[in-house]
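Peer 1: My questions are about this predicted structure, shown below with the sequence.
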Amino acid sequence: MELALVLLGAIFVTYGWYWGGITEARTTAYAVGFISLILGFSAAFQGSSSVTAGSLVALGAVFGLLAAANAWNESAQDRTYGLFALFFALGAFMSVAADNTANGEMTDFGLAALIVGIVLLMHFVSAALVPSNKGFKSFVGWLTLGAGIGLAYIAYAFEAFGSTVL
């Protein structure tokens, strides 16, 4: 699970770097697409002991491929992308609820899913509700980059301090 969180964090950092306005679309599409494929293969072949954790990893791989396709076409403000970001955010929030119900408290995985859900909800707002606001898109990009760093740190905490959930 640590590898999956590091890869998901790398997707968020790379895509946030693009949405923040620092890099161009084609280079981002290659990087995000490659990382998403690795994340998808790790979800398919490595698996997870938790259904909610496995579903979040698969959801992250699908999000990453959609983000790569969006970056390739330089249409990051696409409303369809925003709709899928909303669906993925709802899936992440449901993972948080399932994790809290199963464990009776917020776990490391629940925190990671909450971060993913908030970031994807912000992508929905930026892409679908206010697509013409470039300043808000840049803010969401930097938020996404920070969330990716946070996911990588949570993966470090899994490795350093252990996790009884995943």
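Peer 2: All right, it came through fine.

Peer 1: Would you map the strands across the protein?
Peer 2: With strands called from DSSP state E, the chain shows none.

Peer 1: Measure how far the lengthiest helix in it is from the centre of its chain, please.
Peer 2: Counting residues, the longest helix in the chain under DSSP state H turns out to be helix 134-161. Helix 134-161 sits 9 Å away from the centroid of its parent chain (C-alpha atoms, centre = their mean, to the nearest Å).

Peer 1: Summarise which helices and strands that helix is packed against.
Peer 2: Other helices and strands packing on helix 134-161, by 3 or more C-beta pairs under 8 Å, 6 or more residues apart in numbering; DSSP states H and E, are helix 2-19, helix 108-124. Every C-beta, even on glycine, is put in place using the N, C-alpha and C of the backbone.

Peer 1: Just give me the neighbour total for the residue nearest to Leu83 when sequence neighbours are not counted.
Peer 2: Once flanking residues are discounted, Leu83 sits nearest to Ala128: 6.1 Å by C-beta to C-beta, 6 or more residues apart in numbering. Residue neighbour count, defined by other C-beta atoms under 10 Å, stands at 18 for Ala128.

Peer 1: Can you give me every residue that contacts Ala128?
Peer 2: By C-beta atoms under 8 Å, 6 or more residues apart in numbering, the residues touching Ala128 are 79, 81-83, 85-86.

Peer 1: per-residue confidence at it?
Peer 2: Ala128 carries a pLDDT value of 87.

Peer 1: separation between it and Met94?
Peer 2: From Ala128 over to Met94 the distance is 20 Å, taken as C-beta to C-beta, to the nearest Å.

Peer 1: ok, now Val51?
Peer 2: Using C-beta to C-beta, Val51 is found at 11 Å from Met94.

Peer 1: Pick out whichever of the two has more residues nearby.
Peer 2: Applying other C-beta under 10 Å to Val51 and Met94 shows that Met94 carries more neighbours, namely 15 against 11.

Peer 1: mind checking how far the more buried one is from Ser55?
Peer 2: Using C-beta to C-beta, Met94 is found at 9 Å from Ser55.

Peer 1: Who are the packing partners of the helix-or-strand element of the chain with minimal mean pLDDT?
Peer 2: When the helices and strands of the chain are scored by mean pLDDT, DSSP states H and E, helix 51-72 comes last with a mean of 80. When contacts are defined as 3+ C-beta pairs under 8 Å, 6+ apart, helix 51-72 sits against helix 2-19, helix 25-45, helix 79-103, helix 108-124.

Peer 1: between it and helix 2-19, how many degrees?
Peer 2: Put simply, helix 51-72 runs at 30 degrees to helix 2-19, going by axes from the mean of the first three to the mean of the last three C-alpha atoms, to 10 degrees.
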